[in-house]
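S.K.: heads up, no residue letters with this:
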DNA sequence: ACTACATTTAACGTGTTGGTTAAGTGACTG
DNA sequence: CAGTCACTTAACCAACACGTTAAATGTAGT
């Protein structure tokens, strides 16, 4: 992980399947560390650290009640991540559109695919540590 | 990165701000390695490896034309990532709803927040290497 | 063939990740 | 207040990520 911005931290957290499994679990119900560890093939300290990572990413919050430590999902940061990705929706949509067009064209004639018809920019967000900033 | 599944690879690729900047650049127009390196504060070999990572994640494809190597964005994997995240939309939506409700309630009376009203499961996808599978 | 250009591969250093086991902390229980 | 339960922290390790510079590769032009 090279970046320390919010988006990098969130995507990093999501990059681990164990952490995604934990989030899936927490989507159902809040849970203790022991409960979260049970279905997983790793030790409790390992889970504890995953929870720390998730908490640091803002994806969960935790409260102590007695000797239990409850974890609760906080999906707000996912929204930011989704919004970043959504900016590219037009590209994958138009890719599919192009594919449709291509198939139609092939059925009619026999031309090769085009692929240069692309709309204008997508605003940036998520520049490298010290970018020379040309991508805005 | 502990997982090697598609989702892990894609989220890992997105976790780096330099790679996100490259994708932002490629959203505008296909580009050569040299063009992509220009605005970045790192060497060309470093960019070359980022491109390899993005290609491995399926986020770009590359073609050789003469001595140039063009990179083109392939946003399809982003769709899968977005879909994974979208499953949690209800949670962050209802979080906001709960917040609204809380604020309204506070304005009217003075009760503490509730937070236990959560709907049923969200289907899994993204289980750890060898999970004992309980989260489905 | 020689040279120049674009890019990749190799070798290396360094920091981080994700797992382990063992020891520490804090709250309840007898 | 000793013991146990639910965790966290510490110490350690192997693997990997990300950057560098130097050398190798491949294509084009002269």
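M.R.: Received the coordinates, thanks. Here the structure is a predicted model, which means the values were calculated and not measured. Residues are numbered from 1 along each chain as shown, chains lettered A, B, ... in the order given.
S.K.: Downstream of the host helix or strand of residue A:69, the next helix or strand is which one?
M.R.: Element membership for residue A:69, per DSSP states H and E: strand A:68-73. Proceeding N to C from strand A:68-73, the next assigned helix or strand is helix A:76-86, under DSSP H and E.
S.K.: Now do the strands in chain A.
M.R.: Assigned by DSSP state E, the strands in chain A fall at A:31-32, A:60-65, A:68-73.
S.K.: What residues sit buried inside the strand holding residue A:69?
M.R.: Neighbour counts over strand A:68-73 (16 or more other C-beta atoms under 10 Å in any protein chain shown) mark A:70, A:71, A:73 as buried. In this view, the C-beta of every residue, glycine as well, is placed from N, C-alpha and C.
S.K.: Make JSON lines from the residues you listed and add distance to DNA strand D and pLDDT to it.
M.R.: Formatted as JSON lines, those follow (distance: C-beta to the nearest atom of the strand, whole Å; pLDDT from 0 to 100):
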{"residue": "A:70", "distance to DNA strand D": "7", "pLDDT": "98"}
{"residue": "A:71", "distance to DNA strand D": "8", "pLDDT": "98"}
{"residue": "A:73", "distance to DNA strand D": "16", "pLDDT": "96"}
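S.K.: how about low-confidence regions in chain A?
M.R.: A:1-2, A:93-105, A:107-136 (pLDDT under 70).
S.K.: That one: helices as residue ranges?
M.R.: With DSSP state H as the criterion, chain A has helices at A:6-14, A:17-28, A:33-37, A:44-56, A:76-86, A:89-108.
S.K.: Take the ones you listed and lay them out in JSON lines including mean neighbour count and distance to residue B:82.
M.R.: Below are the helices of chain A laid out as JSON lines (neighbours: other C-beta atoms under 10 Å in any protein chain shown; distance: least, C-beta to C-beta, whole Å):
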{"stretch": "helix A:6-14", "mean neighbour count": "23", "distance to residue B:82": "12"}
{"stretch": "helix A:17-28", "mean neighbour count": "24", "distance to residue B:82": "14"}
{"stretch": "helix A:33-37", "mean neighbour count": "17", "distance to residue B:82": "26"}
{"stretch": "helix A:44-56", "mean neighbour count": "16", "distance to residue B:82": "20"}
{"stretch": "helix A:76-86", "mean neighbour count": "18", "distance to residue B:82": "5"}
{"stretch": "helix A:89-108", "mean neighbour count": "13", "distance to residue B:82": "7"}
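S.K.: How about the residues of chain A by DNA strand C?
M.R.: Contact residues (C-beta under 7 Å from any atom of the strand) of chain A with DNA strand C: A:1, A:12, A:15-16, A:18, A:41-43, A:45-46, A:49-50, A:53, A:64, A:66-67.
S.K.: Name the nearest of those residues relative to residue B:58.
M.R.: Set against residue B:58, the nearest of the residues of chain A next to DNA strand C by C-beta to C-beta is residue A:15 (14.9 Å).
S.K.: What are the phi and psi values at the closest one?
M.R.: Dihedral pair for residue A:15: phi -70, psi -10, per degrees, to the nearest 10.
S.K.: returning to that earlier point: on contacts alone, who are the packing partners of the strand holding residue A:69?
M.R.: Contact analysis of strand A:68-73 by 3 or more C-beta pairs under 8 Å, 6 or more residues apart in numbering or on different chains; DSSP states H and E lists helix A:17-28, strand A:31-32, helix A:33-37, helix A:44-56, strand A:60-65 as its packing neighbours.
S.K.: what about 7 Å?
M.R.: If you count contacts as 3 or more C-beta pairs under 7 Å, 6 or more residues apart in numbering or on different chains; DSSP states H and E, strand A:68-73 packs onto helix A:17-28, strand A:31-32, strand A:60-65.
S.K.: which ones are touching the closest residue in space to residue A:22 that isn't next to it in sequence?
M.R.: Of all residues not flanking residue A:22 in the chain, residue A:36 sits nearest, at 5.7 Å (C-beta to C-beta, 6 or more residues apart in numbering or on different chains). Counting by C-beta atoms under 7 Å, 6 or more residues apart in numbering or on different chains, residue A:36 touches A:22, A:25, A:47, A:71.
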